[in-house]
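>>> pasting the sequence and the predicted model now:
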Amino acid sequence: MTALDLLDLDPSLSAEERQIRDVVRQLVDDRVRPHVAAWYEEGRVPARELAREFGKIGLLGMHLTGYGCAGASAVAYGLACQELEAGDSGLRSLVSVQGSLAMYAIWRYGSEEQKQRWLPAMAIGEAIGCFGLTEPDHGSDPASMTTRARRDGDDWILAGAKMWITNAPIADVAVIWARTDEGVRGFAVPMDTPGVTAREIGRKMSLRASVTGEIALDDVRLPADAQLPDAIGLKAPLSCLTEARYGIVWGSLGAARDCLETALAYATSRTQFGRPLAGFQLTQAKLADMAVELVKGQLLALHLGRLADAGRLRPEQVSVGKLNNVREALAIARQCRTILGANGVSGEYPVMRHANNLESVLTYEGTSEIHQLVVGQRLTGLSAFA
Ligand SMILES: Cc1cc2nc3c(=O)[nH]c(=O)nc-3n(C[C@H](O)[C@H](O)[C@H](O)COP(=O)(O)OP(=O)(O)OC[C@H]3O[C@@H](n4cnc5c(N)ncnc54)[C@H](O)[C@@H]3O)c2cc1C
């Protein structure tokens, strides 16, 4: 038990869950921590290499069954996300987008042929997937999407643009959501299809150890069997987002934990006015408040994970978790930065990197405002946004 496990949550995890967590923690310690500050500063990350290593230990699509996926519990998947994001939110994003968005969409809504074609290769990290829902003019309101798919004989013709798509520049396959005459439908689009281009989005001040891109779809001709047969309407992409948001409920706490561990160590070793910073009451108040929020968030994540494993997790409950845990993680990262003083703004320490990353995590997979509206709708029975 570490000092931050104030509530002694460890025994609430099964031996298998603890083992998966420890394996991922070790991988992050060995393969991510020594390099991640440089990747972040350079805005470059060896994503393909890392995907293969993550695939080797079964992290990609780990909560899915069959097709080479590990079939782990939701709690184990959450714990893995927490460890990955303790390394960097960008690496958790790589795993979330691969497993919870791209692979889940194909696994849940694809044909047997689509599953056989993509999932085994994606599970071992040989094929990278991305998920294109957001457009330049439509983010929080995907129902207004303008990317269109129209029939041409048996084929489909896809035209439009997707924006802010994680992994797009390195992806082999994109799950693209488009409007058709019958409503929203999903398509598994090989990225080497003529008419598909992906451009990397540069100058990001956040999630710099993650590749983000824009996808142009210029009258892309696809065979009929590129359509995901069981994805009918906007509820299909929204169900994929629920999967990925669940991972963020846990992941964001990993970033917060890493900040708090850093601040705790720093406050214990740095002396001002003749005593360690940790010896001042004001510092202890900060540390105590942050540790309380961290364990509250972990309890919430564990509760949602157990609901998921019992098949009872509802989307608005995931909104409760994403809203609270990302908001609190960001508050913790900012507060930890104050404890490190000037060193808090230095890339020598992970705190500012985590804080900057969490700004993206606050926005993607539904902004905090959107999750407030989801919870508000549940409370009042009134939709304020749709
Ligand atoms: C690094 C990064 C990676 C991403 N990866 C992906 C990806 O892989 N795939 C993908 O499809 N998308 C991805 N996104 C896009 C992300 O999901 C969108 O940015 C997000 O949905 C918000 O959309 P927007 O940026 O267009 O903001 P807008 O929708 O324009 O919102 C701007 C502000 O207005 C607020 N707002 C909007 N509507 C309302 C309302 N009704 N009431 C109150 N406030 C409102 C929002 O909360 C926000 O604060 C990524 C984004 C980032 C930053």
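Received it, and whenever you're ready, just let me know what you need.

>>> what segments of the stretch 151-300 of the chain are helices?
Counting by DSSP state H, counting those that start in this stretch, the segments of the stretch 151-300 of the chain that form helices are 235-269, 281-309.

>>> tally of neighbours for the closest residue to Ser12 other than its chain neighbours?
Using CB to CB, 6 or more residues apart in numbering and skipping residues adjacent in sequence, the residue nearest Ser12 is Leu302, 6.4 Å away. Every residue, glycine included, has its C-beta placed from N, CA and C. Leu302 sits with 19 neighbouring residues when counted by other CB atoms under 10 Å.

>>> same deal with Trp177?
For Trp177, using other CB under 10 Å, the count is 27.

>>> confidence score at it?
You'll see Trp177 listed with a pLDDT of 98.

>>> wait, it sits on Ala188?
No. With contact defined as CB atoms under 8 Å, Trp177 does not reach Ala188; the gap is 11.4 Å.

>>> who touches the residue in the chain that the ligand sits nearest to in this structure?
Nearest residue of the chain to the ligand (CB to the nearest ligand atom) works out as Gly139 at 1.9 Å. By CB atoms under 8 Å, 6 or more residues apart in numbering, Gly139 lies in contact with Trp164.

>>> how far away is it from Thr363?
Gly139 sits 9 Å away from Thr363, going by CB to CB, to the nearest Å.

>>> now do Arg44
From Arg44 to Thr363 the distance is 22 Å (CB to CB).

>>> neighbour count: the two, which is higher?
Each of Arg44 and Thr363 has its neighbours counted (other CB under 10 Å); Thr363 has more, 17 against 12.

>>> on that earlier part again, and the residue of the chain closest to the ligand, what pLDDT?
pLDDT at Gly139 comes out at 98.

>>> then the one 10 residues further on?
Here, the pLDDT recorded for Ala149 equals 98.

>>> where does it fall, phi/psi-wise?
For Ala149, the backbone dihedrals are phi -120, psi 120 (criterion: degrees, to the nearest 10).

>>> you'd agree it is up against Trp177?
No. Taking contacts as CB under 8 Å, Ala149 lies outside contact range of Trp177: 9.4 Å.

>>> who touches both of these two?
With CB under 8 Å, 6+ apart as the test, Ala149 and Trp177 both reach Arg185, Phe187.

>>> and Phe280, how many neighbours?
As a burial measure, Phe280 scores 14 neighbours (other CB under 10 Å).

>>> please begin residue numbering at 244 from this point
With the count now opening at 244, the last piece we talked about shows up as Phe523.

>>> next one: it relative to Gln515, how far apart?
Note on Phe523: its distance to Gln515, by CB to CB, is 8 Å.

>>> now do Glu284
Per CB to CB, Glu284 is found 29 Å from Gln515.

>>> contact residues of this structure facing the ligand?
Selection of the chain residues close to the ligand by CB under 6 Å from any ligand atom yields 340, 373-377, 382-383, 407-409, 450, 455, 603, 606-607, 610, 612-613, 628.
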